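Trainee: Based on what follows, work out the 3D shape:
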Amino acid sequence: MAEFENWTTSPRTAVAQDDTLAFESPLLKAALDVWRGKAAGAIPARNSLSPRDVKGFVGNLVIFERTAQCDYRIRLMGTKVSLVIGEMQGKTLEEALPTDVARRWKVALNKVRRGRRVFRIVNRVAFNNLDFLEAEILLAPLLDDAGRPEMVFGAVTFRSGVAAERSFDPGREKRTLATTPV
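Mentor: Numbering: from 1, shown residues only. Here you go, the predicted model:
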């Protein structure tokens, strides 16, 4: 059975994108620190990341590469991610995901790549009947072997027990999770 990270629950609704990069998961904070250390003010190259660099979160790591057909191939998928959502390594988004989910992922990955910036996404998982899971996701651009920003570095953690609606503070107004799924 897969383990789900138990990061601090905060009184917030799920977000499709958070520009503050206020990661709740310590693992994603560590992954961001590694990416920033390699970036040194620029976009790091994929080959600048060694196994030693990512050993603390390799099970949660996902690397995407843009294809000539403007899709994304999942070049690397960590075991903790594949245990939860299924093995997708080597497949394109169109091969691995339902059409609407693949389309949303392409939009997010294109924004990261074209904008050349890091994103934090928190949302419910929207396929394989996993809508009880919430994913916190780090996405950051990477340079391919030719020095082009055609890759995306990703790290994912999951939290279980997410309901469509929940109350955080007794007596306070209920907050509803965003309906835009991952």
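Trainee: contacts, neighbours, all on C-alpha from now
Mentor: OK.
Trainee: Go ahead and name everything in contact with the host helix or strand of residue 95.
Mentor: Element membership of residue 95 [criterion: DSSP states H and E] is helix 93-96. With Cα atoms under 8 Å, 6 or more residues apart in numbering as the test, helix 93-96 has contacts from 71, 72, 73, 74, 88, 102, 105, 106.
Trainee: buried ones in that helix?
Mentor: Going by neighbour count (16 or more other Cα atoms under 10 Å), the buried part of helix 93-96 is 93, 94, 96.
Trainee: Turn those residues into JSON lines, columns for distance to residue 120.
Mentor: As requested, the buried residues of helix 93-96 are exported to JSON lines (distance: Cα to Cα, whole Å):
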{"residue": "93", "distance to residue 120": "19"}
{"residue": "94", "distance to residue 120": "23"}
{"residue": "96", "distance to residue 120": "22"}
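Trainee: closest to residue 19 among those residues?
Mentor: residue 93 (24.2 Å; Cα to Cα).
Trainee: where's the closest one relative to residue 80, distance?
Mentor: For residue 93, the distance to residue 80 (Cα to Cα, to the nearest Å) stands at 18 Å.
Trainee: repeat for residue 135
Mentor: With distances defined as Cα to Cα, the gap from residue 135 to residue 80 amounts to 12 Å.
Trainee: Next: residue 20.
Mentor: Residue 20 sits at a distance of 26 Å from residue 80 (criterion: Cα to Cα).
Trainee: Ok, residue 130 next?
Mentor: When Cα to Cα is the yardstick, residue 130 and residue 80 sit 15 Å from each other.
Trainee: ok, these two, which is more surrounded?
Mentor: Relative neighbour count places residue 80 above the other of residue 130 and residue 80, with 20 against 13, counting by other Cα atoms under 10 Å.
Trainee: Reduced to three states, what does the residue nearest to residue 61 when sequence neighbours are not counted come out as?
Mentor: Ranked by Cα to Cα, 6 or more residues apart in numbering and with sequence neighbours excluded, the top spatial neighbour of residue 61 is residue 155, at 4.5 Å. Taken by DSSP: H, G, I helix; E, B strand; the rest coil, the conformation at residue 155 corresponds to strand.
Trainee: my guess is residue 155 meets residue 26, correct?
Mentor: No - taking Cα atoms under 8 Å as the definition, residue 155 is not a contact partner of residue 26, at 11.6 Å.
Trainee: Looking at the two, which has the bigger crowd around it?
Mentor: Here residue 155 and residue 26 are set side by side on neighbour count (other Cα under 10 Å), and the busier one is residue 155, at 25 against 14.
Trainee: how about that one, what does it touch?
Mentor: Residue 155 makes contact with 28, 31, 57, 60, 61, 62, 137, 138, 139 under the criterion Cα under 8 Å, 6+ apart.
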